[in-house]
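J.: got a predicted model here, sequence first, then my questions.
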Amino acid sequence: MRKDTDRSCMAGDNGQKFFRRTVTTFLAVAVFCLSHPSLLEAGEPRVIDIRLGSYYIKPDKISVKANETVTLNITNEATLIPHNLVIEAPEADIHIKVDVSAGKSASATFTPTKTGIYKMSCAKKPPFGKSHKEKGMRGSLEVVP
Ligand SMILES: [Cu+2]
């Protein structure tokens, strides 16, 4: 019963509807992502750079959120001396001990489960003299809610 002109007109309407639906879907997804920023962050751990040297840990205070997955990128800036980074807090599911040769980098990924302030240090100790910790290689990891 329809005329040809009607049919072509319908096709135009369908195209427009499809376009409008696509734009609406896109906007809905965009708004959803913006209102749920944690979804965008999920899967990508936060990265914190830590530098070790003779005898320091920089920064010596780091702060992370409970249940946030964090990757520590640890670089040993010393030219000869090996260092490590140790954070032992079983109550918060933190078990980090990463040895890093001089001039090298290593990483550790963890998800702290309990708030608190935990000690971090280098556990290296020469046969004689002071430990690296005593010489200044110590700091703290704060886990906030
Ligand atoms: Cu050390």
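T.: Noted; the coordinates are in hand.

J.: who's in contact with the residue most central in space within the chain?
T.: Central residue of the chain (C-alpha atoms, centre = their mean): residue 46, 1.3 Å from the mean position. Listed by C-beta atoms under 8 Å, 6 or more residues apart in numbering, the contact partners of residue 46 are 64, 68, 69, 70, 71. Placement of C-beta: from N, CA and C, glycine included.

J.: check what pLDDT it gets.
T.: Model confidence at residue 46, expressed as pLDDT, equals 95.

J.: how close does it sit to residue 65?
T.: Distance of residue 46 to residue 65, given as C-beta to C-beta, to the nearest Å: 9 Å.

J.: for residue 135, same thing?
T.: On the measure of C-beta to C-beta, residue 135 and residue 65 end up 31 Å apart.

J.: so, low pLDDT: which residues of the chain?
T.: Along the chain, segments meeting pLDDT under 70 span 1-20, 22-43.

J.: helices of that one, residue ranges please.
T.: 4-35, 37-41 (DSSP state H).

J.: how about the residues of the chain near the ion?
T.: Contact residues (C-beta under 5 Å from the ion) of the chain with the ion: 83, 122, 124, 132, 137.

J.: so which of the residues you listed belong to strands?
T.: residue 83 (DSSP state E).

J.: could the residues of the chain next to the ion go into CSV alongside neighbour count?
T.: Below are these laid out as CSV (neighbours: other C-beta atoms under 10 Å):
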residue, neighbour count
83, 27
122, 28
124, 19
132, 23
137, 24
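
J.: can you list the domains in this structure?
T.: 4-40, 44-144 (automatic domain parsing).

J.: so which of those is the most packed in?
T.: domain 44-144 (a mean of 16; mean count of other C-beta atoms under 10 Å).

J.: compute the first-to-last residue distance for it.
T.: Using C-alpha to C-alpha, to the nearest Å, the end-to-end distance of domain 44-144 comes to 19 Å.

J.: tell me the contacts of the nearest residue to residue 83 once chain neighbours are set aside?
T.: Nearest residue to residue 83, sequence neighbours excluded (C-beta to C-beta, 6 or more residues apart in numbering): residue 52, at 4.2 Å. Counting by C-beta under 8 Å, 6+ apart, residue 52 makes contact with 58, 74, 75, 76, 77, 78, 83, 84, 85, 100, 122, 137.
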